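Kindly return the folded structure for what I paste below:
(one chain, ligands or ions: 3)
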Amino acid sequence: MNLQVVNGNILEFETNCIVVNLFEGVKEPAGATGAVDKALNGAIQRLIASGDFTGEAGKTALLYTNGQIPAERVMIVGLGRRDRFDLEGVRRAAATAARELQKLKGVKTFATIVHGAGIGGLDANAASQAVAEGIILATYRVRKYRRKDDTVALNYALIFESDSNKIAEVEQGVERGEIIARAVCRARDLVSEPPNVLTPGELAARARRIAQEGDMQYAVIGEDEMQQIGMNLILAVSAGSQHEAQFVIMEHAPEGHEGDQPLILVGKGITFDTGGISIKAADEMWRMKNDMGGAATVIATMGAVGRLNLPRRVIGVAVCVENMPDGKSFRPGDIVTGMKGKTAEIISTDAEGRMILADALAYVSRFKPQAVIDLATLTSAIGIALGKQAAGCFSNNDQLQAALLAASERSGERIWPMPMWDEYKEVIRSDMAEVKNSGGRTGGVSTSAKFLEHFVEDYPWAHLDIANVVWTDTARAELPKGATGFGVRLLIDLISQPGSIVGNQ
Ligand code: BES
Ligand code: MN
Ligand code: ZN
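Ligands and ions are numbered 1, 2, ... in the order given. Have a look, this model is predicted:
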């Protein structure tokens, strides 16, 4: 999808379709929608009076203009109730319109107004960002593995602003929205890749390419070096795989911030999770190609941080490993010593994510982090607890958690605080070693976070369990079916906030 900002009157523009909007309950549209209505001799008012269109959020109506204006069609998208309208509403409206237009073979190009920037009263820059994000995110498709794909004609969107005083803001917002949305799509691309293509080595190679583009430092630790520095938990998980594990480190250190304490992002990058010797059921095993969703989000976020050149030192770590059953695999009952000497008893080889993250959380303490945030498709239990509505957030630091919740509120990517009481620690006490890697089904989300906490050192830390939100089986406005790229927008929002993420400590 190509985006272009145009300073002009959308009414005069010749295109396949123009997109305007309507708040719920409005009978006589004003602004751009009102102008279109006039040009069409009251067609929009008649549409409203018919009862067929009310301006409800998520709904659209299509009118053919019969030559009354240069555009062939007009789409009206509902903005919902005005008293509940916000940037998420803008993003959804832009996404809904783009998704509907994508269904029309005759529409290659459309022009849209910036929803919310006029009557909606929102900041033009932020609204334009949301419009760009909505359009790009909603029209994302995976095309790579089909030789011929002519199902969609739509490939060009023009974003109109008639007020020349606002045009610079609109351009800025659209550019930022484009960078962020393309990063989300990149994360989706990585998650969508099949596990025979996206091996740990390939995931590391994709990260290298993204680091190079963003002028970032890149380093990778292979299994020989892992052996030397004692990353035995990662090595145990990787033991059954034919593919070497890769510990990827990307660093964005902008001028003047080279010496800052970094914010560190850590992503679980299990390129395929069979469960290992504790093998999973066959039915839905294919889904476990998305077990590298955390790493995908971290890698794609780093790319956007570089392109936006955000004024903060950020380090991204992706732990890329495949979990396979084999004669060389680790087993239930094994005891493995982590990087800093802590021993873990393996109850299930399917609780592999927390193991690879444990070594990563121990490793990153050498950077003296300001804060560490890990993202992981860690447990199916998080979906039992929260459904698909929000990722789980676990933290040892209230300020970090508050900053994440605020970023979640602004970005529209929902997270929800989950408990970390010490009683959960009892559940993963091992009779043999210092900790065990599974506490069984009950309380499965919190015990997994408590396992991670064992390996966290003296820094503010938050863990986002994204297992329930990394993939969707039903399309919603800005989320087509499949990989969601969850977390990129949340993290970019957080990183873009000025000042320290954990206050003035
Ligand atoms: N990768 C899975 C979690 C998962 C489940 C992600 C569904 C996405 C969708 C993780 O490695 C796993 O297998 N977790 C186990 C933990 C258990 C063995 C303690 C689980 O959730 O069943
Ligand atoms: Mn597993
Ligand atoms: Zn897993």
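
I'd say Q261 and R312 touch.
No: judged on CB atoms under 8 Å, Q261 makes no contact with R312 at a distance of 10.2 Å. For every residue, glycine as well, the C-beta is placed using N, CA and C.

Not including adjacent chain positions, what is the nearest residue to R414?
Once flanking residues are discounted, R414 sits nearest to A390: 3.8 Å by CB to CB, 6 or more residues apart in numbering.

how much space is there between the one you found and ligand 2?
Relative to ligand 2, A390 is positioned 22 Å away (CB to the ion, to the nearest Å).

Could you do G67 as well?
On the measure of CB to the ion, G67 and ligand 2 end up 60 Å apart.

by contact count, what packs against the lengthiest helix in the chain?
In the chain, taking DSSP state H as the definition, the longest helix is helix 167-192. In this structure, helix 167-192 packs against strand 2-7, helix 124-138, strand 156-161, helix 200-213, helix 293-307, strand 482-483, helix 488-496, with contacts taken as 3 or more CB pairs under 8 Å, 6 or more residues apart in numbering; DSSP states H and E.

between whichever helix or strand comes after the fifth one and helix 293-307, how many degrees?
Sequence-wise, the next helix or strand downstream of helix 293-307 (DSSP states H and E) is strand 314-323. Relative orientation of strand 314-323 with respect to helix 293-307: 150 degrees, computed using axes from the mean of the first three to the mean of the last three CA atoms, to 10 degrees.

elements contacting strand 314-323?
In terms of contacts (3+ CB pairs under 8 Å, 6+ apart), strand 314-323 is packed against helix 200-213, helix 232-238, strand 246-252, strand 263-273, helix 293-307, helix 353-363.

In this structure, where is pLDDT below threshold?
504-505 (pLDDT under 70).

If we use 90, what do you get?
The chain contains residues with pLDDT under 90 at 118-121, 147-151, 477, 503-505.

Near ligand 2, which residues of it are found?
Counting by CB under 5 Å from the ion, the residues of the chain close to ligand 2 are D273, D350, E352.

Can you tell me which of those residues has the most neighbours?
When neighbours are counted by other CB atoms under 10 Å, E352 leads those with 29 neighbours.

which ones are touching the residue of the stretch 301-450 of the chain at minimum distance from ligand 3?
Nearest to ligand 3, among the residues of the stretch 301-450 of the chain, is G353, at 4.4 Å (CB to the ion). Applying CB atoms under 8 Å, 6 or more residues apart in numbering to G353 gives the contacts K268, I270, D273, D291, A376, T377, L378, S448.

For the second one, give the beta-bridge partners.
Going back to what we said before, that points to I270. Beta-bridge pairing for I270 (DSSP bridges): V321.

contacting residues for the residue lying closest to Y64 once chain neighbours are set aside?
Spatial nearest neighbour of Y64, chain neighbours left out: R73 (5.7 Å); criterion: CB to CB, 6+ apart. For R73, the contact set (CB under 8 Å, 6+ apart) comprises N16, C17, I18, L62, L63, Y64, T65, V107.

Look up the closest residue to the residue of the stretch 101-250 of the chain found nearest ligand 3, ignoring the ones flanking it.
At 9.2 Å from ligand 3, V237 is the closest residue in the stretch 101-250 of the chain, using CB to the ion. Nearest residue to V237, sequence neighbours excluded (CB to CB, 6+ apart): E352, at 4.5 Å.

Quick check on the one you found: phi, psi?
When read as degrees, to the nearest 10, the backbone of E352 gives phi -90, psi -30.

Which positions in the stretch 201-350 of the chain make contact with ligand 1?
Taking CB under 6 Å from any ligand atom, the part of the stretch 201-350 of the chain that reaches ligand 1 is made up of D273, D291, S348, D350.

And those, which is closest to A138?
The shortest approach to A138 among these belongs to D291, at 25.7 Å (CB to CB).

before we move on, the earlier item: who wins for proximity to E24 among the helices and strands packed on strand 314-323?
helix 293-307 (33.8 Å).

Who are the packing partners of the closest one?
Identification of packing neighbours for helix 293-307 by 3+ CB pairs under 8 Å, 6+ apart yields helix 167-192, helix 200-213, strand 246-252, strand 263-273, strand 314-323, strand 371-376, helix 488-496.

can I get these in JSON lines with distance to ligand 3?
Listed next are those as JSON lines, based on distance: least, CB to the ion, whole Å:
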{"stretch": "helix 167-192", "distance to ligand 3": "13"}
{"stretch": "helix 200-213", "distance to ligand 3": "14"}
{"stretch": "strand 246-252", "distance to ligand 3": "17"}
{"stretch": "strand 263-273", "distance to ligand 3": "4"}
{"stretch": "strand 314-323", "distance to ligand 3": "7"}
{"stretch": "strand 371-376", "distance to ligand 3": "8"}
{"stretch": "helix 488-496", "distance to ligand 3": "20"}
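
The residue nearest to R414 touches I415, doesn't it?
Yes: between A390 and I415 there is a contact at 5.6 Å, judged by CB under 8 Å.

When these two are compared, which one has more neighbours?
Between A390 and I415, counting by other CB under 10 Å, I415 is the more crowded of the two (25 against 19).

Please name the residues that touch that one.
Applying CB under 8 Å, 6+ apart, we find I415 in contact with A390, A391, G392, C393, L404, L405, S408, L464, L490.

Can you name the two of these that sit furthest apart?
Spatial extent of the contacts of I415 (CB to CB) is set by the pair G392 and L490 at 13.2 Å.

ok, the closest residue in space to E457 that isn't next to it in sequence to ligand 2 distance?
Using CB to CB, 6+ apart and skipping the chain neighbours, the partner closest in space to E457 is S365 (4.0 Å). For S365, the distance to ligand 2 equals 25 Å [CB to the ion].

What about S365, how many residues nearby?
For S365, using other CB under 10 Å, the count is 17.

W461 is in contact with that one, correct?
No: taking contacts as CB under 8 Å, S365 lies outside contact range of W461: 10.2 Å.

For P194, grab the count of nearby residues.
Applying other CB under 10 Å, we find 12 residues neighbouring P194.

Same question for D83.
Neighbour tally, D83, other CB under 10 Å: 7.

I'd guess it is in a strand, am I close?
No: in this structure, D83 is helix, not part of a strand, as judged by DSSP: H, G, I helix; E, B strand; the rest coil.

Which member of the contacts of I415 is positioned nearest V220?
L464 (23.7 Å).

For the closest one, list the residues it contacts.
G294, I373, D374, L375, A376, A391, G392, C393, F394, L404, I415, G487.

contacting residues around the first one?
When you say that, I think you mean G294. Contact analysis of G294 by CB under 8 Å, 6+ apart lists V266, G267, K268, G269, D374, L375, A376, T377, L464, I466, G487.

hang on, the earlier thing: PyMOL command for the buried members of the contacts of L464?
Written as a PyMOL command, the selection of buried residues from the contacts of L464, which uses 16 or more other CB atoms under 10 Å, is:
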select buried, resi 294+373+374+375+376+391+392+393+394+404+415+487
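
so can I have JSON lines of the contacts of L464 showing distance to V197?
As requested, those are arranged in JSON lines below (distance: CB to CB, whole Å):
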{"residue": "G294", "distance to V197": "19"}
{"residue": "I373", "distance to V197": "28"}
{"residue": "D374", "distance to V197": "25"}
{"residue": "L375", "distance to V197": "22"}
{"residue": "A376", "distance to V197": "22"}
{"residue": "A391", "distance to V197": "26"}
{"residue": "G392", "distance to V197": "30"}
{"residue": "C393", "distance to V197": "32"}
{"residue": "F394", "distance to V197": "32"}
{"residue": "L404", "distance to V197": "32"}
{"residue": "I415", "distance to V197": "30"}
{"residue": "G487", "distance to V197": "22"}
